[in-house]
Structure formats: C-alpha cells, structure tokens
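**Student:** Provided below are the primary sequence and the corresponding predicted coordinates.
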Amino acid sequence: NAGVTQTPKFQVLKTGQSMTLQCAQDMNHEYMSWYRQDPGMGLRLIHYSVGAGITDQGEVPNGYNVSRSTTEDFPLRLLSAAPSQTSVYFCASRWDRRSTDTQYFGPGTRLTVL
Amino acid sequence: QQQVKQSPQSLIVQKGGISIINCAYENTAFDYFPWYQQFPGKGPALLIAIRPDVSEKKEGRFTISFNKSAKQFSLHIMDSQPGDSATYFCAAALIGYNKLIFGAGTRLAVHP
C-alpha cells in the first residue's frame, strides 16, 4: 500500500490564484481530513469527510473548499490564494470516523503565497 | 481559544536523559489523548495514546502519564536517543466524535 499520498510537494502561488491540492489513499478508509500546520499553532483542522459525498468544516475552513466524490480522493481547493494561506498542508485518513482509530498522515504540501 | 496547551515549545536533552513534554486540556469531556511524532519533512505519526480510565501507559521507552483531576497529561521519553529528535504533538478528542484537537507542538533535540 502507498498509504496517503499528496501532490504537489511544493507550490508557490501569487495572491489571487487558485489551485487544488491532491490527496489520495489506498487503504479504503472512510474518514479523510485536511490540516494546516503553522509554527506555534500545531495542526488545525480545515475540512473533513466521513465518506464519499459527505464533507464538513473543521476549525479553519474559510478560503478552502473540498469535495469527496470517491472513497480514495479528497482534494482541497484554494479559490483565491492569500498570503495568510502560506502553510504546510497535511492530508490524513483513518478507517472510520471514531477519533480513537489510528490516523495516517500524508507527507505534506508546502505552499507559499506571495 | 486553545483547547489543548502544550509545553515547552522546544526542549534540548542529552543522550540517555529523560524528555518530558506536558499538555493541559480544558474540556472535561475529552476522553482520548494521543501523542504524535513528526520528523522533519514528514507527516505526523501516531506514537502512543491513552484513555482517562488509566493513569499511565507505557510502550517501550515512551510513557504517558495522565492526571484527570488536574486535566493534564504528559509524555516521558526514557533513555532519550538522537533518533528521538522530532516534533511531538499531543492531542485530545471525544470518543465517537470526529475531531482531534492538537497542541502547538514541542521540538525535541537530543544531543549525543
């Protein structure tokens, strides 16, 4: 199994540009989520999904959209990038929605917005 | 509002020493407390977790101590090794609920 994969690894955007961060998992996990990691802030939940067709907001959803059309994929869309969205983004998945289930993280995407 | 407060922000320990990282939480309903380990350039990985029905859980050199009345829990790394150098995150959650709430992280450096 490849686990949780993310593309791209690095990205530089200009303010106002849009882009999609890709996330895929091959473990047939029901639950997937997106976090951003900023110095001194830990990991903050952006959006999550408990199954195909079902998504919900996390702690910091503004400026981001998600969709879940398949079990495997959970892309994160930045509609109009802002410098405040400069961060490292992690996708994660786990077997089901229970928080006690082991959560697997992808390797991250480092995004810089100029 | 930071629901899980983690300290210290950074920690330097000599090889063979004990590393101690502390976390405090506010929501008394939290009932699951995992620790994640993150190496540079990698995603976090689950290290060890505890439920509040026990006061301590040990896995190898890693121990979680839990104090329910004080709403605090800590990670102890015994015989710390340079390979333990990483960022450690505590987290808290409600079992049966979707979200993990993470602390700000502690960057540990173990010097040889």
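**Tutor:** Looks like it arrived, so ask away.

**Student:** wait, what's in contact with the residue in chain A that chain B sits nearest to?
**Tutor:** Residue nearest to chain B within chain A: A:Phe105 (3.1 Å; Cβ to the nearest Cβ). Bear in mind the C-beta positions are built from the backbone N, C-alpha and C, glycine included. By Cβ atoms under 8 Å, 6 or more residues apart in numbering or on different chains, A:Phe105 lies in contact with A:4, A:35, A:90-92, B:43-45.

**Student:** any idea how far the residue nearest to it when sequence neighbours are not counted is from A:Tyr89?
**Tutor:** Distances taken as Cβ to Cβ, 6 or more residues apart in numbering or on different chains place B:Gly43 nearest to A:Phe105, at 3.1 Å, with adjacent residues excluded. Here B:Gly43 is placed at a distance of 10 Å from A:Tyr89 (Cβ to Cβ, to the nearest Å).

**Student:** what's the neighbour count on A:Asn28?
**Tutor:** 10 (other Cβ atoms under 10 Å in any protein chain shown).

**Student:** just to revisit the earlier point, list just the nearest of the contacts of A:Phe105 to B:Pro8.
**Tutor:** B:Pro44 (18.5 Å; Cβ to Cβ).

**Student:** count of neighbours near the closest one?
**Tutor:** The number of residues packed near B:Pro44 is 28, by other Cβ under 10 Å.

**Student:** next one: the one 5 residues further on
**Tutor:** The burial count assigned to B:Ala49 is 18, neighbours taken as other Cβ under 10 Å.

**Student:** Where do the strands of the chain begin and end?
**Tutor:** With no chain named, the answer covers chain A. Taking DSSP state E to define them, one finds strands in chain A at A:4-7, A:10-13, A:19-25, A:31-38, A:42-51, A:54-57, A:64-66, A:76-78, A:87-94, A:104-105, A:109-113.

**Student:** Sorry, I should have been clearer: chain B.
**Tutor:** Using DSSP E, strands in chain B cover B:4-7, B:10-14, B:19-25, B:33-38, B:45-50, B:56-59, B:62-67, B:72-77, B:86-93, B:100-102, B:106-111.
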